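*Asks:* Whatever this is, show me its structure:
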Amino acid sequence: MEKLTQQDTNFHLEANTQKEALRQLAQLAFERGKVADAEIFYQELCKREEEGTTGFGNGVAIPHARHQIVKDAGVLVARCDNLLEWRAMDDEPVNVFICLIAPDDQNDFHLKTLAKISRRLIHEEFIDILKNGSEEEVLAEINQVIE
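*Replies:* Residues are numbered from 1 along each chain as shown. This is a model prediction of the structure:
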């Protein structure tokens, strides 16, 4: 997987609901050429949320989906100025999103990347960078984690 660049981010996500945030992440995945169809990927992200929350706590969610319409595995990072209800594990709202995109046949990428990122979520410094860091700081941190 390629390193994340500024094109893989949206630090001014304008969403008032979980579904609005997921729709924008799906659209960004489409615009980046990661998925062939934004609507189908959005539906897959929503389906995954129905199975169980991707809100890991401390204001961070890791929405993710695998599907055959995914052309290229990847990661997107987004931040909202406002807090969104997400049914997170700690029952707190979310405003940082790390979206994992994987083809149907790349379960190893999906699981390894999810594990690497979730392990870092126990570190306050990592959370602080995700929430308050500059775009460059966040990209550097995420790229270091997923290498």
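*Asks:* what about the helices in this protein?
*Replies:* Taking DSSP state H as the test, the helices found in the chain are 18-31, 38-51, 107-120, 124-132, 135-146.
*Asks:* most tightly surrounded among those helices?
*Replies:* By mean neighbour count, with neighbours taken as mean count of other CB atoms under 10 Å, helix 18-31 ranks first of the helices of the chain at a mean of 21. Every residue, glycine included, has its C-beta placed from N, CA and C.
*Asks:* Just the CA trace of that helix, in CSV.
*Replies:* Only the C-alpha atoms of helix 18-31 are listed here, as CSV (Å, rounded to 0.1, in the frame of the first residue of the first chain):
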residue,chain,number,x,y,z
GLN,A,18,-22.7,9.0,11.4
LYS,A,19,-24.3,8.3,8.0
GLU,A,20,-23.3,11.7,6.6
ALA,A,21,-19.7,11.0,7.7
LEU,A,22,-19.7,7.5,6.2
ARG,A,23,-21.2,8.9,3.0
GLN,A,24,-18.4,11.5,2.7
LEU,A,25,-15.7,8.9,3.4
ALA,A,26,-17.2,6.6,0.7
GLN,A,27,-17.2,9.6,-1.7
LEU,A,28,-13.6,10.4,-0.8
ALA,A,29,-12.7,6.7,-1.5
PHE,A,30,-14.3,7.0,-4.9
GLU,A,31,-12.6,10.3,-5.7
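*Asks:* nearest to His67, of the helices of the chain?
*Replies:* helix 38-51 (4.8 Å; CB to CB).
*Asks:* what packs against the closest one?
*Replies:* Under the contact criterion of 3 or more CB pairs under 8 Å, 6 or more residues apart in numbering; DSSP states H and E, helix 38-51 touches helix 18-31, strand 64-67.
*Asks:* So for the longest one, mean pLDDT?
*Replies:* The predicted model assigns helix 18-31 a mean pLDDT of 97.
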